[in-house]
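Novice: Pasting a predicted model and its sequence here:
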Amino acid sequence: MKKLILLLFTIPFLALAQEKGITFEHGTTWAKVKEKAKAENKHIFVDAFTTWCGPCKWMAANIFPQEKVGTFFNENFVNLKIQMDETEEDNDDVKSWREEAKRFAKDYKVAAYPTFLIFNPDGELVHRIVGGGEADQFIASAKEGLDPNTQYETLVKNFNANPTDKVIAKATAAAAVKAYDRDLSAKAMEALISNSTPDELMADDMLGLITKNIGKPGSKAFNTVLENKAKVEEKLGAGKVDQILGAAIINSEIAPVIMKSQEDIFDQTVAEVSKKYPNVSLTSIVASFKPNYYASKKNWPAFRDAVQAYINLDPSKVNSSQLNSFAWAIFENCDDPSCVESALAWSKKSLEEENDPALMDTYANLLHKVGKTKEAIEWQEKAIASVDEASKADYQATLEKMKKGEPTWVK
């Protein structure tokens with residue numbers, strides 16, 4: 001009976017706690033949401049999310065439930081969540097929105113997650129926010145969607161009406177980056193650069209905008225940086241131009257080619273593309289990209305070689321966190337003894353500067369994998385001694401497996 005009484009008292013308090021956050025509409029339609037917004041003279045806030053999106057889950061678990069977030073959004077918006085992907089676990093409510101989700105993706109250019117859309121009381125899109133953030137930052141971004149002077153779609157309309165106005169083009173380019181609207185970003189930068197003097201282009205604020213909107217090779221932003229390489233490096237530092245332009249070259253001309261091929265044409269493609277850009281050194285940016293490529297192909301021996309080449313290029317630029325990530329990738333995915341030994345060396349190196357329990361855990365697991373279990377147990381015990389309480393159970397479970405001689409990796 002005591003347990004039943006406790007349950008009856010707990011449920012109302014739980015409900016009250018949930019009501020502090022954003023209240024989302026359920027069992028409704030887009031037409032009904034618009035009717036409610038118009039009747040209450042509120043804007044509409046739409047969380048366009050997917051089930052696989054980590055930042056989406058983080059926002060739902062950590063930001064939406066906060067009281068100050070709920071207060072602001074519930075007072076100013078009719079709030080709606082739309083799941084953009086489809087899974088076997090979808091309930092009837094989610095399934096009823098599938099066609100609408102496809103329309104939202106197409107009509108409102110939802111291409112990254114999470115994307116948050118804001119509509120006015122008449123159901124017209126006025127603002128978009130791409131990516132999550134802490135509560136105060138998120139509220140500030142949403143406030144921009146309530147003000148006609150800062151609404152994203154208002155900026156777009158102003159730009160389309162006055163594409164040669166430098167002030168409008170500049171504001172539009174900056175907003176397009178935040179909204180993840182690459183097409184508009186490119187158009188705004190083309191207009192801005194075309195109507196600016198060489199001296200204006202090299203001003204700090206303008207240069208910052210250009211380098212964030214570099215676009216594809218051949219774009220005005222790309223060519224502006226390339227043609228003024230010495231001046232830009234003077235402001236940003238040696239090697240920065242190669243890094244900025246190199247990333248654009250990889251994204252546009254290298255990655256699309258090598259990712260489609262069933263064969264390993266990485267080095268061949270890089271060599272061919274490099275000839276087109278003799279004034280851009282791709283060495284560093286290619287070295288940092290190569291491990292990601294081989295990881296995506298699940299070629300772990302090649303991944304090991306690529307990581308080692310990247311480290312050898314400039315060990316001082318590879319931090320403990322990177323070394324740990326590289327080592328853990330090998331631990332989880334590769335049983336080749338030479339790969340595991342390399343990962344063990346990277347993991348050991350990561351501990352030279354930082355005694356983080358996560359780094360110790362990686363090192364202990366790798367020691368266990370190469371058969372040095374006694375030493376592995378010592379390191380895992382060190383990790384447990386310094387890890388936070390929330391993670392202790394997982395670390396302890398790993399330790400127990402080590403003591404029993406069981407593998408701590410998936411075979």
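Specialist: Received, thanks.
Novice: Can you tell me how far Tyr293 is from Ser261?
Specialist: Counting by CB to CB, to the nearest Å, the gap from Tyr293 to Ser261 is 11 Å. For every residue, glycine as well, the C-beta is placed using N, CA and C.
Novice: show me the contacts for the nearest residue to Val370 once chain neighbours are set aside.
Specialist: Sequence neighbours aside, Val340 is the residue nearest to Val370 in space, at 5.7 Å (criterion: CB to CB, 6 or more residues apart in numbering). Each residue near Val340 by CB atoms under 8 Å, 6 or more residues apart in numbering is listed here: Ile330, Phe331, Cys334, Leu366, Lys369, Val370.
Novice: Wasn't Val340 part of a strand?
Specialist: No. Counting by DSSP: H, G, I helix; E, B strand; the rest coil, Val340 falls outside a strand, being helix.
Novice: which among the contacts of Val340 end up buried?
Specialist: Ile330, Phe331, Cys334, Leu366, Lys369 (16 or more other CB atoms under 10 Å).
Novice: May I ask which two of those are separated the most?
Specialist: Distance extremes for the buried ones among the contacts of Val340: the farthest pair is Cys334 and Leu366 at 11.1 Å, using CB to CB.
Novice: What segments of the stretch 101-250 of the chain are strands?
Specialist: 115-119, 125-130 (DSSP state E, counting those that start in this stretch).
Novice: nearest to Ser281, of the buried ones among the contacts of Val340?
Specialist: Minimum distance to Ser281 across those is 28.6 Å, recorded for Ile330 (CB to CB).
Novice: Give me the buried positions along the helix or strand containing the closest one.
Specialist: Ile330 is part of helix 320-333 when elements are defined by DSSP states H and E. Within helix 320-333, the residues scored as buried using 16+ other CB under 10 Å are Ser320, Gln322, Leu323, Asn324, Phe326, Ala327, Trp328, Ala329, Ile330, Phe331.
Novice: Dump those residues into JSON lines; add distance to Met202 and pLDDT as well.
Specialist: Formatted as JSON lines, those follow (distance: CB to CB, whole Å; pLDDT from 0 to 100):
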{"residue": "Ser320", "distance to Met202": "37", "pLDDT": "94"}
{"residue": "Gln322", "distance to Met202": "33", "pLDDT": "94"}
{"residue": "Leu323", "distance to Met202": "38", "pLDDT": "95"}
{"residue": "Asn324", "distance to Met202": "40", "pLDDT": "94"}
{"residue": "Phe326", "distance to Met202": "38", "pLDDT": "95"}
{"residue": "Ala327", "distance to Met202": "42", "pLDDT": "96"}
{"residue": "Trp328", "distance to Met202": "43", "pLDDT": "95"}
{"residue": "Ala329", "distance to Met202": "41", "pLDDT": "94"}
{"residue": "Ile330", "distance to Met202": "45", "pLDDT": "95"}
{"residue": "Phe331", "distance to Met202": "47", "pLDDT": "95"}
